[in-house]
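Asks: Generate coordinates for the sequence data below:
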Amino acid sequence: MPFTLATWNINSVRLRLPLVAQFLDTHRPDVLCLQETKCRDEQFPLAAFRKLGYEHVAMHGQKGYHGVATIARRPITVVERRDFCGVGDSRHLAVSIETGGPRLTLHNFYVPAGGDEPDPAINPKFRHKLDFLAEMHGVPAAASAETASVLVGDLNVAPLETDVWSHKQLLKVVSHTPVETESLQAMRRAGGWVDLVRRHIPPEQRLYTWWSYRARDWSASDRGRRLDHIWSSANLAGALESVSVLRAARGWERPSDHVPVIARFAFG
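Replies: Numbers count the residues shown, from 1 in each chain. Down below sits the predicted model:
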């Protein structure tokens, strides 16, 4: 059976609800993981999603900042809402879902951006980001004969040279500094995670999921970064059929600066 999963940093779910509705109506993923929802759980637009056929919603939100939500057409069970680094931010949500194949534990993450200065000694935001990435080492890709794990979200790190428009020029820019990329890759390896996007799309190919609002013409300049990721436990990698990045969404009216990333699996 096919199973489709999407992840998208929406940068305010209420502000961009029409874009989310357009995406869901067109692409119909089984599950959509949103980041940076920017609203308390009681303010989340549940009715709109239910009207679109997405009856099952789990949230971990806060006022005006951060926030993650997992929206599904199938029943989901909340496993954990972890407070990483103990600062009270809503940046993680884990749920369990039946897929028609293995039962998934699905982690939805919004990793701190880290500010502008890549020096933890003078930038508390960057220190927090590094601490957050270190704590993520405690999230393994748990799996068995009947279960698997997926980790998705805006991880705010572009790990490969081809994940940024200029490796050389961004080596000292937050999201692509060696200390961030090495930490993320070490965490992925330690947890047994597979980078599904780069399993399907060769690492030699440039690939971006984020383009800055500061660019006058984002498409022409194409100075992007791959900040949004889909990982899985090794036992799920063979079921991956395709991965797509919906670049066109960056050009929609009042868009997020991130675009959806979609993975499709075939089970059975």
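Asks: CA atoms for contacts and neighbours, from now on please.
Replies: Noted.
Asks: any idea which element the most centrally placed residue in the chain lies in?
Replies: Computing the C-alpha centroid of the chain and ranking residues by Cα atoms, centre = their mean puts G153 first, at 1.2 Å. Element membership of G153, judged by DSSP states H and E, is strand 147-154.
Asks: quick one on the thing from earlier: who's the residue nearest to the centre of the chain bridged to?
Replies: In this structure, G153 bridges to F109, H229 when assessed by DSSP bridges.
Asks: quick one: contacts of stretch 134-145?
Replies: 84-85, 102, 148-150, 183, 187-188, 190-193, 232-235 (Cα atoms under 8 Å, 6 or more residues apart in numbering).
Asks: What residues of that stretch count as buried?
Replies: 134, 136-137, 140-143 (16 or more other Cα atoms under 10 Å).
Asks: now the helices for the stretch 151-268 of the chain?
Replies: 167-170, 178-191, 196-200, 218-221, 234-237 (DSSP state H, counting those that start in this stretch).
Asks: of all the ones you listed, which lies closest to P120?
Replies: Evaluated with Cα to Cα, those place helix 178-191 nearest to P120, the distance being 10.5 Å.
Asks: So which elements touch that closest one?
Replies: helix 124-135 (3 or more Cα pairs under 8 Å, 6 or more residues apart in numbering; DSSP states H and E).
Asks: for the record, mean pLDDT for the helix it packs on?
Replies: For helix 124-135, mean pLDDT rounds to 98.
Asks: that older thread, surely the residue nearest to the centre of the chain touches L5?
Replies: No. Taking Cα atoms under 8 Å as the definition, G153 is not a contact partner of L5, at 11.3 Å.
Asks: Determine the residues that are contacts of both of those two.
Replies: Common neighbours of G153 and L5 (Cα under 8 Å, 6+ apart) are C33.
Asks: Counting neighbours, what do you get for the closest residue to V261 other than its chain neighbours?
Replies: Spatial nearest neighbour of V261, excluding adjacent residues (Cα to Cα, 6 or more residues apart in numbering): V245 at 4.6 Å. Under the neighbour criterion other Cα atoms under 10 Å, V245 is assigned a count of 19.
Asks: show me what contacts V245?
Replies: Applying Cα under 8 Å, 6+ apart, the residues near V245 are 209, 259-262.
Asks: Brilliant, that's me finished.
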